[in-house]
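Engineer: With the input below, show me the fold.
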Amino acid sequence: MSATDSSGGSQDYFARIRGTVTRADGASTARAGIGVSCTGSDDQPFGVTADADANGRFEVDLNIPPVFRPLEGPVFACRVLTPYNGLPLVEKTVVIPVGTGTRPVTEVALVIP
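Structural biologist: Below is the predicted model of the structure:
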């Protein structure tokens, strides 16, 4: 999918968010639900959901829809959180780089108290 850049042209933007969900004691959290909510220069949010695997690892590929514009960099500001599966809410805000021919990876570790 594509996003329009500030010069009025059209570019495809891609990113990957990879991470883990663990408990404070280090135990993994199997099948934790993950939410990702991002905004760019227009403050209009977009998001995706995913599930961690049996070891608490997750990976989310972002294909940015054409109506969203990145912040200068180009980057998007994203909240990565665990709002599902009855787990306590834990979230981190990260700035993720995006690429047009590559898929830059941002690592995130969520720790549930």
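Engineer: how near is F58 to T93?
Structural biologist: 17 Å (C-beta to C-beta, to the nearest Å). All C-beta spots, glycine's among them, are computed from the backbone N, C-alpha and C.
Engineer: Same drill for these two, tell me which one is more crowded.
Structural biologist: F58 (23 against 11; other C-beta atoms under 10 Å).
Engineer: What does the pLDDT read for that one?
Structural biologist: We have a pLDDT of 97 for F58.
Engineer: Identify the residue spatially nearest to it, adjacent ones excluded.
Structural biologist: Spatial nearest neighbour of F58, excluding adjacent residues (C-beta to C-beta, 6 or more residues apart in numbering): A52 at 4.3 Å.
Engineer: dump the residue contacts of the one you found.
Structural biologist: Residues in contact with A52 (C-beta atoms under 8 Å, 6 or more residues apart in numbering) are 20-21, 29-34, 58.
Engineer: and what of I96?
Structural biologist: I96 neighbours (C-beta under 8 Å, 6+ apart): 15, 17, 38, 62, 75-78, 104, 106.
Engineer: go with 10 Å
Structural biologist: The contact partners of I96, taken as C-beta atoms under 10 Å, 6 or more residues apart in numbering, are 15-17, 36, 38, 62, 70, 73-78, 80, 104-106, 108.
Engineer: for D25, same thing?
Structural biologist: 111-112.
Engineer: For A50, list each beta-bridge partner.
Structural biologist: Following DSSP bridges, A50 is listed with bridge partners I34.
Engineer: which ones are touching it?
Structural biologist: 17, 32-36, 58-61.
Engineer: For beta bridges, what are the partners of L110?
Structural biologist: Applying DSSP bridges, one finds that L110 bridges with V21.
Engineer: possible to save the contacts of A50 as CSV with distance to V98?
Structural biologist: Listed next are the contacts of A50 as CSV, based on distance: C-beta to C-beta, whole Å:
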residue, distance to V98
I17, 11
A32, 25
G33, 24
I34, 19
G35, 19
V36, 13
F58, 19
E59, 16
V60, 13
D61, 12
